[in-house]
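> quick one, what's the 3D model for this:
(one chain, ligands or ions: 1)
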Amino acid sequence: MEPSGVSDEKRPTVDLVKDKNGTDQVLLKNPKGASVKANSKPPHPVRGGIPICFPQFGTRGSLEQHGFARNKMWLVEENPPDLPSFDSTDKAYVDLVLKPSDEETTRIWPHSFEFHLRVSLALDGNLTLISRVRNINSKPFSFSIAYHTYFSISDISEVRVEGLETLDYLDNLFDKERFTEQGDTLTFESEIDRVYLNSRDVVAVFDHERKRTFLIKKEGLPDVVVWNPWDKKARALTDLGDEEYKHMLCVNGAAIEKPINLKPVPLSSSFHKEPAMEAWRLSLWTLFSLYLIISGAKADPSQDKRALLEFLTITRPTRSLNWNETTPLCKNWTGVTCNHNESRIIALRLPAIGLNGQIPPNTISRLSALRVLSLRSNRLSGPFPMGLAGLKDLAFLYLEDNDFSGPLPLDFSVWKKLVSLNLSNNRFNGTVPVSLSGLKRLQSLNLANNSLSGVVPDVLSGLSSLKEIDLSNNNLHGPLPSWLLRFPPSSYQGIGDDVTHFQPPPEPPTRKKPKGVTKTVFLLIVISVAILLLAVLAFVFALCYLRRKVTIVKDHKLQKKGGMSPEKFDSRMEEANNRLSFFEGCSYSFDLEDLLRASAEILGKGTFGTTYKAVLEDATSVAVKRLKDVAAGKRDFEQQMEIIGGIKHENVVELKAYYYSKDEKLMVYDYFSSGSVASLLHGNVLLALVRLVSGLILVTGLVGAGNRGENRVPLDWETRMKIAIGAAKGIARIHKENNGKLVHGNIKSSNIFLNSERYGCVSDLGLTAVMSALAPPISRQAGYRAPEVTDTRKSSQLSDVYSFGVVLLELLTGKSPIHTTAGDEIIHLVRWVHSVVREEWTAEVFDVELLRYTNIEEEMVEMLQIAMSCVVKAPDQRPKMSDLVRLMESVGNRRASLETKPEKEASETSTPSET
Ligand SMILES: O=P(O)(O)OC[C@H]1O[C@@H](O)[C@H](O)[C@@H](O)[C@@H]1O
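Model (predicted):
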């Protein structure tokens, strides 16, 4: 942590002083590795070095933060208890002891103990701390411990941590909520304060700039804390310089989640003799070692290279790969990712390259450090490749869309670290293995579209981390185990169909019936409207546009570059060696050329670019967003895409792939055929398109209140509530991403779609960070913009709340955020609602379409209050998204509980009245 060029008075010194009892005290002045502002006088901990948190970590107990041990005077111990396993060769060491017996400590922590600490430094630079805690009470006690190690680093943005991948962690920035680490390595862009649980015994910190690696080896300490305060918190810490957060990182071995319970040692027993009894006497040893290593030259993993070349020779992909014996595998080879020191391959991604035949034995199975294996969308066949059983670190396995057959492996327990498993769209048969239930980290399981038979094992309920599952379209039969019902019906479509006649008439197990219109009728209406919309669309396009049958990128290239030929453009694309980057778990198998060949139609133009519907040759439809005015460089852009693409949530439209080249930046999403909430609410899609087609400026927002599309299906109250709750959940999830810093930045009803359960699902997030600063938009977006946002890059989570509030008002009033009256007066929705409510005409604000429903006034008023709380001027007075979810759910739940009342009563709730 020390800045370079330390002045003389800042050089570290050691002072020997005596306390009031005449006892020698060692005081470190300007300790090396500590903050320049560190106050090294007890009772203050030094911000730097290795303060010991004991017997409490953080504020998880009644003691002061991190317990008292770091604030006490430790004594140098002349006659420490024996430590037989300690080899003192080439080491200097000191023994310290803490035995606080002062009144104050006994009052706050009434346990007698001894804490013996040996600190040793070896010639090779290994720093080792060995702690021994002894309970000399008559009763057991529990404690937590952490070695709060401040590593001095070149620059926090240049550092990465490995060894924490796939672990669960408690995030102190989110009320200690539990998450799972998804990244291969941990890099730093904002404040971080996490406790990783049950980690491996080696964690590595890589400092690229200084070419230094810290290896943290630990024993007896299951957890790892990672902490950096970042700028704002650093400013609030008086003993840390404002900029020092950039040059420090705390990575601590610790025992936190499960405090250590220590039994007492009988006082009569000797502490020093009889080494054979030591384990029993000491009851606990925590061992913690630190190694500082200057990273050496990087090796090409030659064994892994040979295995891959053998694999390639036999599987003969139809698309050629740049794998070459003479080129460095970790740097050049397509689809290969190596670990930090380039000694092993940790990820192999070869989707859709035309691999053929069986996976040759003894090839991929030799890549024993592999964590990610994606061979999806190829032509691989034969039985399940059992050689993979040797890949114990495998966390992500994607073999979908191949031609594998035969039974699944009986014993899945060999892949204990699996987080995501996709074997869908193959010809696997036999039963669903019960051993899957042992995969405690599994979050996503897809076995759909195979020929599996038998029943769904009930024991799979033990998959405690599971967030998504798809067993549909197999030959599985019922009964459906109850745990499966928490997932959407599409996950188990086709299961149990054959047993319905044995059971009472089937009521779909989880869904509530929509009131008023039946679900089927409702769906039919929506489908007919969609067909109608499409028909009109087709007509408009046929007339004016479709004859130009645009291809997304080429078309614009031609316009921009003044007529570059498609061939030249294609070759430039190839030259750039840029490919579509798909995210793990994505089932699409097209590539950039396929996308370029796709026919496309414009869906809309937004703040950040134009969105197209692209129909690929295999009839897959995707939505492609072509970004304009991207300011970020390739690395930053990719990083942001990784953050966005990493969000898997039912209320967030999933980014499937992206593309970056100098001239083009594309994002690929699923295509939502039912259109956006804006179109469902205002029916203005056609209007927008007609304007585009006739070449007028795209100001789609100035849609009069009456222009709601003649063939629109009115949106009922229940759907509006589901849209609002779903969208709020999606935005709340987005706000958790990137250490709680991600901002959506462009919330509006045209960026909200309906998911398969007809809940709101948000799209177009996180783009403000990569775009150039844009002046406030003049069109409809202006109506969603919080007053404090002067350019789009200044969006914040609180401005997202404002925009969400506007969407809520839109759902309640049925009016666009900026609309015109009959007299062409431009009305700003937020101001209008305020004025009406102020005049106590509250009932006037609600959409006339909602007036046909009875008994929903109270809910509408509550939702109106919630919306108004979001659109207050002062950002810090707006609620958080997570609070909004809770509030709106409680409004919705009250209705749900009414609906479960006896039929007569229930029929009096939100059903349309007969008029
Ligand atoms: O300022 P202190 O007491 O040294 O603590 C620093 C940090 O230590 C980390 O270990 C904690 O997780 C943080 O929450 C805390 O802020």
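
> could you use CA atoms for every contact and neighbour count after this?
Will do.

> return the set of buried residues in stretch 620-637.
Burial within stretch 620-637, assessed by neighbour count using 16 or more other Cα atoms under 10 Å, is assigned to 621-628, 630, 637.

> just stretch 66-82 next, same as before
66-71, 73-76, 80-81.

> can I get the CA coordinates of it in PDB?
Extracted as PDB, the C-alpha positions of stretch 66-82 are listed here (Å, rounded to 0.1, in the frame of the first residue of the first chain):
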ATOM      1  CA  HIS A  66     -13.800  -7.800  13.800                       C
ATOM      2  CA  GLY A  67     -13.500  -8.500  17.500                       C
ATOM      3  CA  PHE A  68     -10.900  -7.300  20.000                       C
ATOM      4  CA  ALA A  69      -7.800  -9.300  19.200                       C
ATOM      5  CA  ARG A  70      -6.500  -6.900  16.600                       C
ATOM      6  CA  ASN A  71      -6.700  -4.000  19.100                       C
ATOM      7  CA  LYS A  72      -4.900  -5.600  22.000                       C
ATOM      8  CA  MET A  73      -1.200  -5.700  22.900                       C
ATOM      9  CA  TRP A  74       0.200  -9.100  22.200                       C
ATOM     10  CA  LEU A  75       3.200 -10.300  24.200                       C
ATOM     11  CA  VAL A  76       6.300 -11.900  22.800                       C
ATOM     12  CA  GLU A  77       6.300 -15.400  24.200                       C
ATOM     13  CA  GLU A  78       9.600 -16.600  25.500                       C
ATOM     14  CA  ASN A  79       8.500 -20.200  26.200                       C
ATOM     15  CA  PRO A  80       5.700 -21.000  23.700                       C
ATOM     16  CA  PRO A  81       4.000 -24.400  23.800                       C
ATOM     17  CA  ASP A  82       5.700 -27.000  21.700                       C
END
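
> can you tell me the average pLDDT over that stretch?
Averaging pLDDT along stretch 66-82 yields 89.

> that stretch: how far from the chain's middle?
41 Å (Cα atoms, centre = their mean, to the nearest Å).

> with stretch 839-852 instead?
In terms of Cα atoms, centre = their mean, the centre of stretch 839-852 is set 40 Å apart from its chain centre.

> any idea how far apart the tips of that stretch sit?
24 Å (Cα to Cα, to the nearest Å).

> try stretch 869-881
Criterion Cα to Cα; first-to-last residue distance in stretch 869-881 is 12 Å.

> point out where the stretch 401-550 of the chain drops to low pLDDT.
For the stretch 401-550 of the chain, the stretches with pLDDT under 70 are 496-550.

> helices of that one, start to end?
Counting by DSSP state H, counting those that start in this stretch, the stretch 401-550 of the chain has helices at residues 519-540.

> in helices only, show me the buried residues of stretch 620-637.
Those of the buried residues of stretch 620-637 mapping onto helices are F637, per DSSP state H.

> kindly reformat the buried residues of stretch 620-637 as TSV containing pLDDT and distance to R306.
Converted to TSV, those look like this (pLDDT from 0 to 100; distance: Cα to Cα, whole Å):
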residue	pLDDT	distance to R306
S621	82	40
V622	87	38
A623	89	40
V624	89	39
K625	89	40
R626	88	41
L627	88	41
K628	81	44
V630	86	41
F637	90	34
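
> mind putting the buried residues of stretch 620-637 into JSON lines with distance to the ligand?
Listed next are the buried residues of stretch 620-637 as JSON lines, based on distance: Cα to the nearest ligand atom, whole Å:
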{"residue": "S621", "distance to the ligand": "46"}
{"residue": "V622", "distance to the ligand": "43"}
{"residue": "A623", "distance to the ligand": "42"}
{"residue": "V624", "distance to the ligand": "41"}
{"residue": "K625", "distance to the ligand": "40"}
{"residue": "R626", "distance to the ligand": "41"}
{"residue": "L627", "distance to the ligand": "39"}
{"residue": "K628", "distance to the ligand": "40"}
{"residue": "V630", "distance to the ligand": "36"}
{"residue": "F637", "distance to the ligand": "30"}
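
> mark which of the buried residues of stretch 620-637 are part of strands, please.
Counted as lying in strands by DSSP state E, out of these, are 621-627.

> quick one: which of the buried residues of stretch 66-82 is nearest to S465?
Closest approach to S465 among the buried residues of stretch 66-82 (Cα to Cα): H66, at 30.5 Å.

> list the contacts for that closest one?
By Cα atoms under 8 Å, 6 or more residues apart in numbering, the contact list for H66 reads 53-59.

> give the closest residue to the single nearest residue of the stretch 101-250 of the chain relative to the ligand in space, chain neighbours not counted.
Distance from the ligand to each residue of the stretch 101-250 of the chain (Cα to the nearest ligand atom) is smallest for D193, at 5.0 Å. For D193, ignoring the flanking residues on the chain, the nearest one in space by Cα to Cα, 6 or more residues apart in numbering is W227 at 4.5 Å.

> ok, the closest residue to the ligand within the stretch 301-450 of the chain - contacts?
Relative to the ligand, the nearest point of the stretch 301-450 of the chain is R441 (24.2 Å; Cα to the nearest ligand atom). Shown in contact with R441 (Cα under 8 Å, 6+ apart): 416-419, 463-466.

> which of those has the largest number of neighbours?
Counting neighbours by other Cα atoms under 10 Å, L418 leads the contacts of R441 with 26 neighbours.
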